[in-house]
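**Student:** fold the following, please.
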Amino acid sequence: MESLSLKSSLCELARPRLAGFRRRRAAVMRVTAKGGEPDLSVRVNGLEMPNPFVIGSGPPGTNYTVMKRAFDEGWGAVIAKTVSLDASKVINVTPRYARLRAAGSNGSSKGPIIGWQNIELISDRPLETMLGDFKRLKEEYPDRILIASIMEEYDRAAWEELIERVEETGVDALEINFSCPHGMPERKMGAAVGQDCDLLHEICGWINEKATKPVWAKMTPNITDITQPARVALKSGSEGVAAINTIMSVMGIDLNTLRPEPCVEGYSTPGGYSARAVHPIALAKVMQIARMIKEEFNEGQSLSAIGGVETGADAAEFLLLGANTVQVCTGVMMHGYPLVKKLCEELKDFMRKHDFSTIEDFRGVSLQYFTTHTDLVRRQKEAIEQRKASRKGLQSDKDWTGDGFVKESESMVSN
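**Tutor:** Numbers count the residues shown, from 1 in each chain. The predicted structure follows:
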């Protein structure tokens, strides 16, 4: 992997949009709740959503039928499966998924699914077909948010053509796949870009000079410091970042056949790991990006959180760290599109518990409680000293008071 050090020139970089595109300066606008019921609606980079739950790019957004289902069930937005100019180069295999289960009751191997691995590539459907789906969806759901996920080779002309053709369908925004952990790295696609800040800087520049819609750069967790590429993407003009994509993994070895899973004709390849087991890792990465955005950017740059969301509580954690929206992909594959109703109700329950009216009432509240280990040591030392001091009672006869005499006496009793 090439050095991830940032070019000094990036500090001054700010690529403008084409004429006619008004940059959104506020990632989320506060909306007043009506009738005391928690209001889940959000406004992100000018995109208005009924709730913060977004279908993540992947199988749940692979064609018109499933994306229509997502809108009908009430998802706040849909991100389609990633497209490129030439789908003929995309050849998927089957099986392409493998699952990891927790131990079940009485030692059963059929416990709940906690991990999911895929070796699936981007969309293998012709681009024209996917563009037709986008256009049809926007005609039927003009007020709902449809986001196209795109990925291309290291070719400026190809990126520009793809952006132009996709935007012509009326999609509301673009998510750039800089993070797919498997497939076609030799063509400088996916994580091969997200792991190389110089390459990312160059390609982000091409994209943001051409795009007229908001751009979200999707980050890979398969990197030492995720804030470095996130910073590059934002400084290069992207309105937001999304994180995390799947984590590179080997799901396991079948101890009967001695072959890896998922097994295709006796062989396999490392793939992307998702589902509940990745949630703590995703929380850490999102926290790091959110803190960087808060400290270094102030023009409404947004953050879309991804990773192991199956409950409203999972989503609340991401929002408390500063995320504007929460994406779900594997969760839909396991629980179906109606999952959004459960997510919304559970998030509202959380908001009622704390008397929050809108997402903005608590978004980013928990970010302030993260610090360094050195600071934790200092804080604990001070707290211990204060507790010891309170147990010692009065330090001198001059400290006695008439009003607090009983309590002052009790403060020096040992039993």
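
**Student:** is it true that residue 401 touches residue 408?
**Tutor:** Yes. Assessed by C-beta atoms under 8 Å, residue 401 is found in contact with residue 408 at 6.8 Å. In this view, the C-beta of every residue, glycine as well, is placed from N, C-alpha and C.

**Student:** those two: who's more crowded?
**Tutor:** Shown here are residue 401 and residue 408; by other C-beta atoms under 10 Å, residue 408 has more neighbours (15 against 9).

**Student:** surely the more buried one meets residue 396?
**Tutor:** No. With contact defined as C-beta under 8 Å, residue 408 and residue 396 do not form a contacting pair (11.7 Å).

**Student:** now the helices for the stretch 251-400 of the chain?
**Tutor:** Counting by DSSP state H, counting those that start in this stretch, the stretch 251-400 of the chain has helices at residues 279-296, 312-320, 330-335, 339-353, 373-392.

**Student:** tell me the first helix or strand C-terminal of the longest one.
**Tutor:** Moving toward the C-terminus from helix 373-392, the first helix or strand encountered (DSSP states H and E) is helix 405-410.

**Student:** what mean pLDDT does that following helix have?
**Tutor:** Per-residue pLDDT over helix 405-410 has a mean of 80.

**Student:** got a pLDDT number for residue 31?
**Tutor:** Looking at residue 31, the pLDDT reads 39.

**Student:** take the helices of the stretch 251-400 of the chain and write them to CSV, including mean neighbour count and mean pLDDT.
**Tutor:** Output for the helices of the stretch 251-400 of the chain, formatted as CSV (neighbours: other C-beta atoms under 10 Å; pLDDT from 0 to 100):
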stretch, mean neighbour count, mean pLDDT
helix 279-296, 19, 98
helix 312-320, 22, 98
helix 330-335, 21, 97
helix 339-353, 18, 98
helix 373-392, 10, 87
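
**Student:** what's the closest of those to residue 75?
**Tutor:** helix 339-353 (5.0 Å; C-beta to C-beta).

**Student:** between helix 312-320 and that closest one, find me the angle.
**Tutor:** Here helix 339-353 runs at an angle of 70 degrees relative to helix 312-320 (axes from the mean of the first three to the mean of the last three C-alpha atoms, to 10 degrees).

**Student:** any residues touching helix 339-353, and which ones?
**Tutor:** The contact list for helix 339-353 (C-beta atoms under 8 Å, 6 or more residues apart in numbering) reads 37-38, 40, 51, 53, 70, 73-76, 309-313, 315-316, 328, 331-332, 335, 356-357, 361-362.
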